[in-house]
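S.K.: return atomic coordinates for the entry below.
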Amino acid sequence: MHGILDQHIPEVETDNEDRGSHLPSIPLPSKLPNKPIAIADMANMFGVTHRTLHFYEEKRLLRPKRLGAMRVYEPRQVQIMATINLCREIGMPVAQIQELLAELADTATQSECDRVFHAALESRKKELIADESLIRRQMQQINEILDDDRAASREGNDYRQSGAPFLSDFEFHCLKLMAEGNTPARIAHTTNKPLEDILTIEATIIRKFGSSNRFQTVAKAVLLGMIGD
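M.R.: Coordinates of the predicted model:
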């Protein structure tokens, strides 16, 4: 790295808050500086903008020193930025990073610090798994809508223009089970399908009937003669 990093920046006094607190054991920049660096070098090191560093300063995540109008970052701040950058890369909100850094600052040993950090990563992993599950259900619902539209078009049975909505064979089977008073959990057991899939299918059926709930859906199906009363 060349330019400002190569310039001599006078040593600045270190605050007590920068001493003694532990940081998690994570990969650090290959050329970790041993003296204060300017904001341009800090930005280049992590591939972020000056505005991003200003934002982290506003949120009290980073605490650069000032030499006149110039911001400079001590090696400790570079290490903190490495933690912040990693957390942002996995989608951790700034508020959670603030809480995490505060918790890390209270750790007494490196091993305790690493345990706290790993717990935060596990928590974020669970959030991502939940998001993945939601996205998967939403994609399934989109695919069902598209498939139903194609099937209705092929069969000349466009449920948007007729009184009765078009249902796939499995959706119609679920509708009949709903009409018999089966709960989603019972339908999942009967059809040997995951409960999440049944909840998604039931929501699709309710939407197709333009209903607010499963009971209204069943009532409309009876009125349309799709199922017996």
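
S.K.: please make it C-alpha for all contacts and neighbour counts, starting now.
M.R.: Will do.

S.K.: right, and the helix or strand after the helix or strand of the chain with the lowest mean pLDDT?
M.R.: Ranked by mean pLDDT, DSSP states H and E, the weakest helix or strand in the chain is helix 110-155, scoring a mean of 81. Remark: after helix 110-155, the chain's next helix or strand is helix 169-179, criterion DSSP states H and E.

S.K.: what packs against that following helix?
M.R.: For helix 169-179, the packing partners by 3 or more CA pairs under 8 Å, 6 or more residues apart in numbering; DSSP states H and E come out as helix 184-191, helix 195-208, helix 214-223.

S.K.: can you tell which of these is closest to Ile129?
M.R.: Of all the helices and strands packed on helix 169-179, helix 195-208 sits nearest to Ile129, with 14.0 Å by CA to CA.

S.K.: what residues sit buried inside the closest one?
M.R.: 195, 197-199, 201-206, 208 (16 or more other CA atoms under 10 Å).

S.K.: rewinding a little: which among the helices and strands packed on helix 169-179 is found nearest to Ala120?
M.R.: Of all the helices and strands packed on helix 169-179, it is helix 195-208 that lies closest to Ala120, at 26.8 Å by CA to CA.

S.K.: any stretches of this protein with poor pLDDT?
M.R.: 1-20, 145-163, 229 (pLDDT under 70).

S.K.: quick check: domain ranges of it?
M.R.: The record's domain parsing of the chain by automatic domain parsing lists 3-106, 130-223.

S.K.: please consider this matter closed, and thank you.
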